[in-house]
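1. Starting from these lines, generate the structure:
(chains A and B)
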Amino acid sequence: MSLRLFNTLSGQLDELTPSDGKTLRMYACGPTVYDYGHIGNFRTFLQVDVLRRTLHLLGIPVRHVMNITDVDDKIIRNATAAGIPIAQYTAPYEQAFLEDLDSLRIERPEQLARATEHIDRMVGLIQRLATAGAAYQAEDGSWYFRLSSFPEYGKLSKKDLSGMEDGARVDLDEYEKDSARDFALWKAAKPGETSWDTPIGRGRPGWHIECSAMAMEYLGDSFDLHAGGEDLMFPHHENEIAQSESVTHKPFARHWMHVRFLLVDGRKMSKSEGNFYTLRDLLLKGYKASAIRLALISVPYRHQLNFTFDGLTEATNAIDRLRTFHQRLITGSFAPGENPALQEAAKKAQADYLAALSNDLNTAEARAPIFDLIRAANTAIDQSQLLAGDRDAILAVLARFDAVFDVIEDHDAEPTRRALEWAEQAGRQADVAPELLARQSFTDEAVDALVAERTLAKKQRNFSRADQIRNELAEKGIVIEDSKDGVHWKRK
RNA sequence: GCACCGGUGGCGAAGUGGCUAACGCGCAGGUCUGCAAAACCUGUAUUCGCGGGUUCGAAACCCGCCCGGUGCUCCA
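-> Next up, the predicted model:
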């Protein structure tokens, strides 16, 4: 099966295949490490993660490059304010970003590329652009891209800029540019700012040239896919195309994927609206990393997602259903053999699941057959009609589901532990939800002891004591289930 | 202003010309249970923002209107 993915450049669903017949080469715009990542950032990174995991599921190897922007205006401003070198300023945020990726189970790209380690490549690219007549130096020493040299400008975002009059809305004198829309490739050093001494002068790279240079360094002049948030389509990605193709005269990326912005409570997320959340904020409120992951990937990437706390609760409960069922399969004992109806159901679920993902990564549709299968299997178990061979077939389907969604296996303790540790270091203890602390207060051993006491009480038909223990545990977020094969408990 | 996306049960959300409108969450009732939980069953949209039209047939296509959101500038 092959993956059909919407291509912003062509405006339609195109098959995504490796042009070299082997490995799919993709570039995704990464973070600017001047602060902690927020859930909007992570929706994009998560959807790219869904893409690469789906490709793997379809048997397509991936070479994925992501940049880390560790020099830009905000970084310089903040580092200057703090009185420290930019590398010292960005290092903790880069570290935090990588931790957050791990918390959300976002697979690391094959190659991470820091902007400050590729200055030479960027300078080289600007020199080639200058030779080609597509770049020029302004009086202050900054370099600009000459838009008029690239007639195809606007082909990605479908903008026709030919009618734009220079100077109509921008004061040209201020910019020392030939044309108001020409964008910066290289910014001349200002006193006291971080800068590099290079053959094209002293200064620092513009944001757009960074991605062009690093993408071509690791993936070649032409590669398969370029991804990013929808806001980057214009001007960032448009500029990347202009810079790259002006030098190579080859298509830069064949396929472009753009993830839509999310809203929070129906509005665009922003600090001034008071609806701005980092991953760490949510973990400290007591939400599980897996629930955040599921909530952010369950709405397909081309749709606006309205993020709410109700949505997180829903995701939490859906995950409970998945995990409870998974446990039931693993811990239950089943007679040998196969039930043809369940074998068929498992086969169908897997086919429908893969078909939905292959259709422009329709994660919402992909969930349905999995839940259908769970109901069919639960019914069969209740009637003792699920056999060992069926369990294995269904576990295999769940494994494929988790190969992309990755929420059934419980890895939630570590991100929460890390977030609590961070809160302490960063002086954010006040933001830790009391319920979360209460939940952490019971060790597994303490729970086991109470559960054992309750089981004994039940045997002696001392139900009031048994219920008392159950309520006490429930208050700490621990749920008890009595089943035929013993007592299980889990943390909510 | 120009461009674009969306409005499907209480909520989230698939489906884009033809089987009883997926799936998840929630809620109500039932089965099971000492009681719960889990699981299962039934019910939660006779209908897909509103009004017209096209068609044998529309949630899906066309026209108009109403509502919500986004981009055009740093932004995932």
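2. What segments of the stretch 201-350 of chain A are strands?
-> Remark: strands assigned in the stretch 201-350 of chain A by DSSP state E, counting those that start in this stretch are A:201-205, A:223-229, A:253-259, A:262-264, A:267-268, A:305-307.
3. Quick one: closest of those strands to residue A:103.
-> strand A:305-307 (16.9 Å; Cβ to Cβ). All C-beta spots, glycine's among them, are computed from the backbone N, C-alpha and C.
4. thinking again about what came up before, include mean pLDDT when you put the strands of the stretch 201-350 of chain A into JSON lines, please.
-> Formatted as JSON lines, the strands of the stretch 201-350 of chain A follow (pLDDT from 0 to 100):
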{"stretch": "strand A:201-205", "mean pLDDT": "95"}
{"stretch": "strand A:223-229", "mean pLDDT": "95"}
{"stretch": "strand A:253-259", "mean pLDDT": "94"}
{"stretch": "strand A:262-264", "mean pLDDT": "89"}
{"stretch": "strand A:267-268", "mean pLDDT": "82"}
{"stretch": "strand A:305-307", "mean pLDDT": "91"}
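5. will you turn the ones you listed into JSON lines that also has mean neighbour count and distance to residue A:184?
-> Output for the strands of the stretch 201-350 of chain A, formatted as JSON lines (neighbours: other Cβ atoms under 10 Å; distance: least, Cβ to Cβ, whole Å):
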{"stretch": "strand A:201-205", "mean neighbour count": "21", "distance to residue A:184": "9"}
{"stretch": "strand A:223-229", "mean neighbour count": "24", "distance to residue A:184": "19"}
{"stretch": "strand A:253-259", "mean neighbour count": "23", "distance to residue A:184": "22"}
{"stretch": "strand A:262-264", "mean neighbour count": "20", "distance to residue A:184": "29"}
{"stretch": "strand A:267-268", "mean neighbour count": "11", "distance to residue A:184": "27"}
{"stretch": "strand A:305-307", "mean neighbour count": "20", "distance to residue A:184": "33"}
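6. pLDDT score assigned to the residue lying closest to residue A:387 once chain neighbours are set aside?
-> Excluding its sequence neighbours, the residue lying closest to residue A:387 (Cβ to Cβ, 6 or more residues apart in numbering) is residue A:337, at 4.1 Å. At residue A:337, the pLDDT value in this model is 96.
7. wait, what's in contact with residue A:337?
-> Neighbour list for residue A:337: A:387-389 [criterion: Cβ atoms under 8 Å, 6 or more residues apart in numbering].
8. what's the answer for residue A:224, then?
-> Applying Cβ under 8 Å, 6+ apart to residue A:224 gives the contacts A:16-19, A:24-26, A:253-255.
9. Can I have the buried ones of those as a ChimeraX selection?
-> Applying 16 or more other Cβ atoms under 10 Å to the contacts of residue A:224, the buried members can be selected in ChimeraX as follows:
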select /A:16,17,18,19,24,25,26,253,254,255
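10. still on that earlier bit, and the contacts of residue A:337, which are buried?
-> Buried, going by 16+ other Cβ under 10 Å: A:387, A:389, out of those.
11. Filter the contacts of residue A:337 down to just the ones in helices.
-> A:388-389 (DSSP state H).
12. would JSON lines of the contacts of residue A:337 with pLDDT and distance to RNA strand B be doable?
-> Converted to JSON lines, those look like this (pLDDT from 0 to 100; distance: Cβ to the nearest atom of the strand, whole Å):
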{"residue": "A:387", "pLDDT": "96", "distance to RNA strand B": "17"}
{"residue": "A:388", "pLDDT": "96", "distance to RNA strand B": "19"}
{"residue": "A:389", "pLDDT": "97", "distance to RNA strand B": "20"}
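13. Tell me how far whatever residue of chain A ends up closest to RNA strand B lies from residue A:375.
-> Closest to RNA strand B within chain A is residue A:229: 1.6 Å, counting by Cβ to the nearest atom of the strand. Distance, residue A:229 to residue A:375, by Cβ to Cβ, to the nearest Å: 36 Å.
14. and what of residue A:295?
-> Distance from residue A:295 to residue A:375, by Cβ to Cβ: 22 Å.
15. Of those two, which one has the most company?
-> More neighbours surround residue A:295 than the other of residue A:295 and residue A:375, with 28 against 12 (other Cβ atoms under 10 Å).
16. does the nearest residue to the residue of chain A closest to RNA strand B once chain neighbours are set aside sit in a helix or strand, and which one?
-> The shortest distance from residue A:229 to any residue other than its chain neighbours is 4.6 Å, reached at residue A:44 (Cβ to Cβ, 6+ apart). Assigned by DSSP states H and E, residue A:44 belongs to helix A:39-57.
17. and that helix with RNA strand B, contact?
-> Yes: Helix A:39-57 is in contact with RNA strand B by Cβ under 7 Å from any atom of the strand, via A:40-41, A:43-44.
18. that older thread, do you know which of the strands of the stretch 201-350 of chain A lies nearest residue A:186?
-> strand A:201-205 (5.3 Å).
19. Direction included, what does that closest one pair against?
-> strand A:184-188 (antiparallel), strand A:196-198 (antiparallel) (DSSP bridges).
20. Not counting residues beside it along the chain, what's closest to residue A:395?
-> Excluding its sequence neighbours, the residue lying closest to residue A:395 (Cβ to Cβ, 6+ apart) is residue A:329, at 5.9 Å.
21. same deal with residue A:277?
-> Excluding the flanking residues, the one nearest residue A:277 by Cβ to Cβ, 6+ apart is residue A:39, at 5.2 Å.
22. How much space separates that neighbour from residue A:247?
-> 37 Å.
23. can you redo the strands paired with strand A:201-205 as a markdown table with mean pLDDT and distance to RNA strand B?
-> What follows is those, written out as a markdown table (pLDDT from 0 to 100; distance: least, Cβ to the nearest atom of the strand, whole Å):
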| stretch | mean pLDDT | distance to RNA strand B |
| --- | --- | --- |
| strand A:184-188 | 94 | 9 |
| strand A:196-198 | 96 | 20 |
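24. Out of those strands, the one nearest residue A:455 is which?
-> Among the strands paired with strand A:201-205, if distance is taken as Cβ to Cβ, the winner is strand A:196-198, at 68.6 Å.
25. can you list contacts of that closest one?
-> A:119-120, A:123, A:202-204.
26. Repeat that for stretch A:59-68.
-> Under Cβ under 8 Å, 6+ apart, the answer for stretch A:59-68 is A:3, A:17-18, A:22-31, A:33, A:48, A:52, A:55-56, A:94, A:97, A:109-115, A:210-211, A:214-215, A:218-219.
27. List buried residues within those.
-> Buried among the contacts of stretch A:59-68 by 16+ other Cβ under 10 Å: A:3, A:17-18, A:23-31, A:33, A:48, A:52, A:55, A:94, A:97, A:109-110, A:112-115, A:210-211, A:214-215, A:218-219.
28. In helices only, show me those.
-> A:48, A:52, A:55, A:94, A:97, A:210-211, A:214-215, A:218-219.
29. quick check, nearest of those residues to residue A:135?
-> The closest of those to residue A:135 turns out to be residue A:210 (Cβ to Cβ; 15.1 Å).
30. How about the closest one: what's its closest non-neighbour residue?
-> That would be residue A:115: by Cβ to Cβ, 6+ apart, it lies 4.7 Å from residue A:210.
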